[in-house]
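[1] Got a sequence here, can you build the structure:
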Amino acid sequence: MDETLRTLVSSEVFSVWFLAGAALVFWMQAGFAMVEAGFTRAKNTGNILMKNLMDFCIGTIVFILIGYGLLMGEDLAGFIGRPGFDLLSAYQEFDYSAFVFNLVFCATTATIVSGAMAERTKFLSYCVYSAVISALIYPIEAHWIWGGGWLSQIGFHDFAGSCAIHMVGGISALIGAKILGARIGKYRKDSDGKIVKVNAIPGHNITFGALGCFILWVGWYGFNGAAATDVPQLGSIFLTTTIAPSAATVACMIFTWLRYGKPDVSMCLNASLAGLVAITAGCDVTDAFGSLVIGTAAGLLVVFGVWLLDSVLHIDDPVGAVAVHFCNGLWGTIAVGLFATDTAPAYSIADQSGAVMKGLFYGGGLKLLGIQLSGVVSVALWTAVTMTLVFLAIKAVFGLRVSREEEQLGLDVTEHGLTSAYAGFAMTPEYLEEGPVTETVPVISESEPVPVYTKKESDAGTPKISKVEIVCREAYVEPLKNALVGIGITGMTITHVLGCGAQKGKPEYYRGVATEASLLPKVQFDIVVSKVPVRSVIETAKKVLYTGHIGDGKIFVYDVENVIKVRTSEEGYDALQDVE
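    The predicted model follows:
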């Protein structure tokens, strides 16, 4: 009786964990959105967020209509499940948990492509792609592996989706990015059209990228562990899911440090994800040593993949989706045939006759490895052929790429009418101030006209007017502002700008590509003076900004023909007397 009760409680607990794990996988959409937004330019952030949102929402609709049936319906000749509308017609008997669980995995497959095709894809065309992969491409091959199809029947093992999800998403990303073409400015060509140089296009917010990486890592415990059936198996899965990305990140850090002179932040974030992708297929059947080797190889493989696409294949993948998901989804699936061990809890890999199969390095021979290779080849061919047809069809019917002008302006404004995803930080005229605000501006009625200044002949000999422009580091905003106020200047315009420059003889790298010029955040002070001597402004700025190191800033001085205060019509010297 006690054993029966214990079994019942355990079953109920793991049924709840099954749904909690699905919620963690859904949360990974936020992680993908942050990684992709951070690794691309600010002018496309809204578009990235919208695509990640619609991947799940569109995927839900088509998964209800056809995708779930093709994946989990009654097996038809080992190829597809029988389509049906049980969710709509027989809701009372429907397996709600299985639907939600499979839906969140389907959405993950679709969203992998978003980053590789970022910054130049038509939003409508992307939505069509997202619907097709969620309705047809993913459900059919996933049925082979998880729905009772032919691969599951011969003993192919992909516990959580290195092959079914990540490799499929990575191949789709590779084909989409190839057909779409590179972003403007990514490659420099000679007069014959031959690519002679790869240009780095840094992402705008590495903090977003790191936040996304951590969100994905947390979500991956649900991704890999949700299907666990007992505590020892769940604990083992959590362990391997921790070791592999850790090993991958350390390996990548050491390699990029040796290769490029500094540990590459964005590449190490990619390496963490690569380790997670690689361990996903075998997270339940590998031990600590196996996961350590799988992760270390993944950390090196992701660097190789980024280099291969950038410098050899010349396929522009802004976020490294192909290197992370295709290369390491492939590697992780094959690694099951090398490192699967029956010492893992709840080990269950067996062939059609029920004979247990183990990895090559654990005394299992080549049988499991051969099955894993056949599965990889089959799924890769299915995905490559179908996704090529899908993207070519979309290109022919809707067009795949935005115009050159739209790409240069950014997809936020051209595709969504969103001026900026960071409106509160946009330095537009509404946000610029001249001088300190000391009182509320009074409302002037028509009966109380503002006195209008009339220039007098005696004004002809007023002092010279000059504009001083100072560009410096953001850290010096307050010290410089206070110093300028101290010499009598209370009116100044301060804007955020990007400074462009590179130190000669000291190459810098972004994701393994040498950067010719770094775009760094700077602050620009614009000051117009007449009574206060220009030399006083210059010396004050130099005193505050000087460190003797590169990047102290620059000062520019211009002659100003005239200054007009709009409110009073004062001109020249008189127009400046309340700000200096």
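
[2] ok, residue 74 - contacts?
    81, 82 (CB atoms under 8 Å, 6 or more residues apart in numbering). (Glycine included, C-beta is placed from N, CA and C.)

[3] how about low-confidence regions in this structure?
    Within the chain, the segments meeting pLDDT under 70 span 1-10, 424-462, 500-508, 515-519, 578-580.

[4] longest helix anywhere in it?
    In the chain, taking DSSP state H as the definition, the longest helix is helix 2-38.

[5] and that one, what other elements does it pack with?
    For helix 2-38, the elements it packs on are helix 45-62, helix 96-116, helix 206-225, judged by 3 or more CB pairs under 8 Å, 6 or more residues apart in numbering; DSSP states H and E.

[6] To residue 390, which of these lies closest?
    Between residue 390 and these, the tightest spacing by CB to CB is seen for helix 96-116, at 10.8 Å.

[7] Enumerate the positions of the closest one that are buried.
    The neighbour-count check on helix 96-116 (16 or more other CB atoms under 10 Å) flags 99-116 as buried.

[8] secondary structure class for the closest residue to residue 406 other than its chain neighbours?
    Using CB to CB, 6 or more residues apart in numbering and skipping the chain neighbours, the partner closest in space to residue 406 is residue 414 (4.1 Å). What DSSP: H, G, I helix; E, B strand; the rest coil gives for residue 414 is helix.

[9] All the strands of the stretch 451-580 of the chain, residue numbers only.
    Secondary structure of the stretch 451-580 of the chain by DSSP state E, counting those that start in this stretch: the strands cover 466-473, 493-501, 508-510, 513-515, 518-529, 554-559.

[10] do you know which of those lies nearest residue 334?
    Per CB to CB, nearest to residue 334 of the strands of the stretch 451-580 of the chain: strand 513-515, 28.6 Å.

[11] What's the separation between the residue nearest to residue 406 and residue 338?
    To residue 338, residue 414 is 48 Å away according to CB to CB, to the nearest Å.

[12] Repeat that for residue 298.
    Here the criterion is CB to CB. By it, residue 298 lies 13 Å from residue 338.

[13] neighbour count winner among the two?
    The neighbour comparison of residue 298 against residue 338 (other CB atoms under 10 Å) goes to residue 298, with 32 against 19.

[14] what packs against the helix or strand where that one lies?
    Here residue 298 sits within helix 288-307, counting by DSSP states H and E. If contacts are counted by 3+ CB pairs under 8 Å, 6+ apart, helix 288-307 sits against helix 231-260, helix 265-280, helix 328-339.

[15] need the next SSE after that helix, C-terminal direction.
    Following helix 288-307 in sequence order, the next helix or strand is helix 321 (DSSP H and E).

[16] about what we covered before: with distance to residue 309 added, can I get the helices and strands packed on helix 2-38 in CSV?
    Below are the helices and strands packed on helix 2-38 laid out as CSV (distance: least, CB to CB, whole Å):
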stretch, distance to residue 309
helix 45-62, 19
helix 96-116, 9
helix 206-225, 18
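
[17] so which of the strands of the stretch 451-580 of the chain gets nearest residue 371?
    strand 513-515 (38.7 Å).

[18] Going by residue numbers, what spans are strands in the stretch 301-450 of the chain?
    Using DSSP E, counting those that start in this stretch, the stretch 301-450 of the chain contains no strands.

[19] So which residues of it form helices?
    Assigned by DSSP state H, counting those that start in this stretch, the helices in the stretch 301-450 of the chain fall at 321, 328-339, 367-397, 404-409, 411-416.

[20] Point out the one among the ones you listed that comes closest to residue 215.
    By CB to CB (comparing all of the helices of the stretch 301-450 of the chain), the closest turns out to be helix 321, at 16.3 Å.

[21] who touches that closest one?
    Outside helix 321, the residues that touch it by CB under 8 Å, 6+ apart are 112, 113, 115, 116, 169, 170, 173.

[22] List the residues that contact residue 123.
    47, 50, 51, 411, 415, 416 are the contacts of residue 123 under CB under 8 Å, 6+ apart.

[23] Looking at those, spot the one nearest residue 75.
    Using CB to CB, the contacts of residue 123 come closest to residue 75 at residue 51, 33.3 Å.

[24] Now residue 270: closest residue in space, sequence neighbours ignored.
    Residue 270 sits nearest to residue 320 (CB to CB, 6+ apart), 4.5 Å away.

[25] For the one you found, grab the count of nearby residues.
    So residue 320, with other CB under 10 Å, has 28 neighbours.

[26] What of residue 36?
    Residue 36: 30 surrounding residues under other CB under 10 Å.

[27] do the same with the one 4 residues further on
    When neighbours are counted by other CB under 10 Å, residue 40 registers 26.

[28] Doesn't it lie inside a strand?
    No: looking at residue 40 with three-state DSSP, it is coil, so not inside a strand.

[29] quick one: contacts for it?
    For residue 40, the contact set (CB under 8 Å, 6+ apart) comprises 48, 115, 118, 119, 203, 204, 318, 319.
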